[in-house]
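Predicted model and sequence below, questions to follow.
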Amino acid sequence: MGRRSLRVRVVNHRHYRIEVFDEIGGGWRLLVHAPGSDARPEVLRNHVPNGLEELLAEARERIDRRLHRDVGMTELP
C-alpha cells in the first residue's frame, strides 16, 4: 500500500503553484507546478514533521533561481 497524504493547501509564488501535502506519519511533500506548463511538477519532500516552512523556503528559492537563470539567458551581451 502507498504512503497516505493529505493536501492541506496551495501556495502561489511568482506564478508558480505549490501544492502542499501532509505525509501522514511524518513529513511533507510539495508539488511545484510551473506556470503554463503541462510537464510533471517538481517534487520536494522531507520527513520532518515540523519542517514545512523550511521546505516551502527551499521551493521558493528554487523558483527564484530558475527565474533568475531564465532571465539571464535571454539578456544580450
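Sure, I can see it. Bear in mind that the values here come from a model prediction, so they are computed numbers and not experimental data.

CA only for contacts and neighbour counts going forward, please
OK.

which SS state does Arg65 fall under?
The assignment at Arg65 comes out as helix when based on DSSP: H, G, I helix; E, B strand; the rest coil.

er, Ser37 actually
Three-state call for Ser37 (three-state DSSP): coil.

separation between it and Glu54?
Distance, Ser37 to Glu54, using Cα to Cα, to the nearest Å: 25 Å.

same check, this time on Asp22
14 Å.

Going by neighbour count, which residues of the helix or strand that contains Arg60 are buried?
Assigned by DSSP states H and E, Arg60 belongs to helix 52-74. Buried residues in helix 52-74, defined by neighbour count with 16 or more other Cα atoms under 10 Å: Leu52, Leu55, Leu56, Ala59, Arg60, Ile63.

List the contacts of that helix.
If you take Cα atoms under 8 Å, 6 or more residues apart in numbering as the criterion, helix 52-74 is touched by His13, Arg14, Tyr16, Gly27, Trp28, Leu30, Val32, Leu44, Arg45, Asn46.

Which members of those residues are the farthest-apart pair?
Greatest spacing in the contacts of helix 52-74, by Cα to Cα: Arg14 and Gly27 (24.8 Å).

Give the closest residue to the residue most central in space within the chain in space, chain neighbours not counted.
By Cα atoms, centre = their mean, the chain has its centre lying nearest to Val32, at 3.5 Å. Setting aside the residues directly before and after it, Val32 is nearest to Ile18 in space (Cα to Cα, 6 or more residues apart in numbering), at 4.6 Å.
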